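# predicted model, plus sequence, below.
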Amino acid sequence: MNKKELINSGKVKSVFNTDNDDEVIIEFRDDMTAGDGARKEIMANKGAYNAVISSKIFRVLEENGVATQFIDLPEPNVMVAKKLEMIPIEVIVRNIATGSLVRKYPIEDGTKLNPPIVQMDFKDDEYHDPMLNDSIIKALGIATQEEIDILTEKALRINEILTKFFADSGIILVDYKVEFGKDKDGNILLGDEISPDGCRLWDSETLDMLDKELFRKGKDDEVMTAYMEVYNRIMPEDEKVI
């Protein structure tokens with residue numbers, strides 16, 4: 001399958017049309033960004049690790065009944081996916097209080113959240129991804145109440161599956177963000193990626209960070225070691241391609 005014209009070039013991924021109108025090619029680049037792209041570095045093989053980790057997670061979710069846009073991974077950093085009209089909402093699920101939650105609210109860092117918090121943010125760098133509620137979502141015409149309910153239900157189902165999946169590899173899924181889109185028939189599918197770029201992952205014994213938070217904290221030399229650790233823990237030997 002050949003890449004055609006570039007559809008979108010985001011902070012860390014480029015999306016291309018293909019000769020199949022219903023599919024796209026997503027190229028995971030080695031860019032690492034923080035602060036709405038204000039800080040940027042290049043980290044060797046970062047794109048490949050994110051793409052392979054995402055493809056593994058998407059396959060696990062598909063096996064458990066969660067529909068995704070994933071089709072194939074022909075190269076370690078290249079994903080073939082169903083073309084979606086993305087919904088401009090980041091759905092964030094929090095299992096443990098940390099980060100912005102404890103900075104903005106009177107809740108102690110490390111508090112286990114039961115039930116998990118589901119938060120929705122408007123995906124728009126110009127407005128710095130502000131938090132949404134149902135009324136604002138509907139006022140902006142982003143989604144209907146039925147669609148909001150579907151996003152919440154799917155995000156919580158993903159959380160249930162991935163909490164166990166990571167726990168089996170000695171990793172705590174602290175929080176994560178997901179994005180969804182609509183296929184040509186209007187079905188809502190999980191899209192984008194699920195990787196250490198968009199998850200907080202802690203070692204279950206040491207509580208060491210295994211995610212992009214290391215980059216945000218200026219620990220650049222530890223980032224790829226952490227990403228490789230996640231890759232090595234969740235990927236069976238016969239599925240490793242890097």
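Arrived safely. Computed from a predicted structure; not experimentally measured.
# got the contact list for stretch 234-242?
Residues outside stretch 234-242 that contact it (CB atoms under 8 Å, 6 or more residues apart in numbering): 45, 48-49, 52-53, 56-57, 73, 76, 165-166, 169, 171, 231-232. (Each C-beta comes from the backbone N, C-alpha and C, glycine too.)
# narrow the residues you listed to just the buried residues.
45, 48-49, 52-53, 56-57, 73, 76, 165-166, 171, 231 (16 or more other CB atoms under 10 Å).
# what's whichever helix in the chain runs longest packed up against?
Criterion DSSP state H: the longest helix present in the chain is helix 145-167. Judged by 3 or more CB pairs under 8 Å, 6 or more residues apart in numbering; DSSP states H and E, helix 145-167 is in contact with helix 46-63, strand 89-96, strand 112-122, helix 134-140, strand 171-182, strand 188-191.
# which among these is found nearest to residue 83?
Evaluated over the helices and strands packed on helix 145-167, closeness to residue 83 peaks at strand 171-182, with 8.6 Å, by CB to CB.
# now do the closest one against helix 46-63, angle only.
Following axes from the mean of the first three to the mean of the last three CA atoms, to 10 degrees, one obtains 80 degrees for the angle between strand 171-182 and helix 46-63.
# and strand 171-182, average pLDDT?
Across strand 171-182, the average pLDDT comes to 98.
# do stretch 212-220 as well
So the average pLDDT for stretch 212-220 ends up being 96.
# how is the protein divided into domains?
Each domain of the chain is listed here as a residue range: 6-82, 85-224, per automatic domain parsing.
# could you give me the average pLDDT of the shortest one?
Spelled out, that is domain 6-82. pLDDT averaged over domain 6-82 gives 95.
# residues touching residue 150, list them.
residue 188.
# centroid residue for the protein?
Most central in the chain under CA atoms, centre = their mean is residue 194, positioned 3.1 Å from the mean C-alpha point.
# correct me, but that one touches residue 178?
Yes - counting by CB atoms under 8 Å, residue 178 is a contact partner of residue 194 at 6.4 Å.
# what is in contact with those two at once?
residue 158.
# contact partners for the residue nearest to the centre of the chain?
Counting by CB under 8 Å, 6+ apart, residue 194 makes contact with 53, 54, 57, 58, 158, 162, 176, 178.
# what comes up buried for stretch 11-27?
12, 13, 14, 15, 16, 17, 18, 23, 24, 25, 26, 27.
# hmm, I was thinking of stretch 196-206
For stretch 196-206, by 16+ other CB under 10 Å, it's 196, 197, 198, 199, 200, 201, 202, 203.
# ok, now stretch 70-85?
The neighbour-count check on stretch 70-85 (16+ other CB under 10 Å) flags 70, 71, 73, 76, 77, 78, 79, 80, 81, 82, 83, 84 as buried.
# on that earlier part again, give me the three-state assignment for the residue nearest to the centre of the chain.
At residue 194 the chain is in coil, as set by DSSP: H, G, I helix; E, B strand; the rest coil.
# same deal with residue 19?
Assigned state for residue 19: coil (three-state reduction, three-state DSSP).
# check whether the closest residue in space to it that isn't next to it in sequence sits in a helix, strand or coil.
Spatial nearest neighbour of residue 19, excluding adjacent residues (CB to CB, 6 or more residues apart in numbering): residue 2 at 6.0 Å. In three-state terms, and counting by three-state DSSP, residue 2 is coil.
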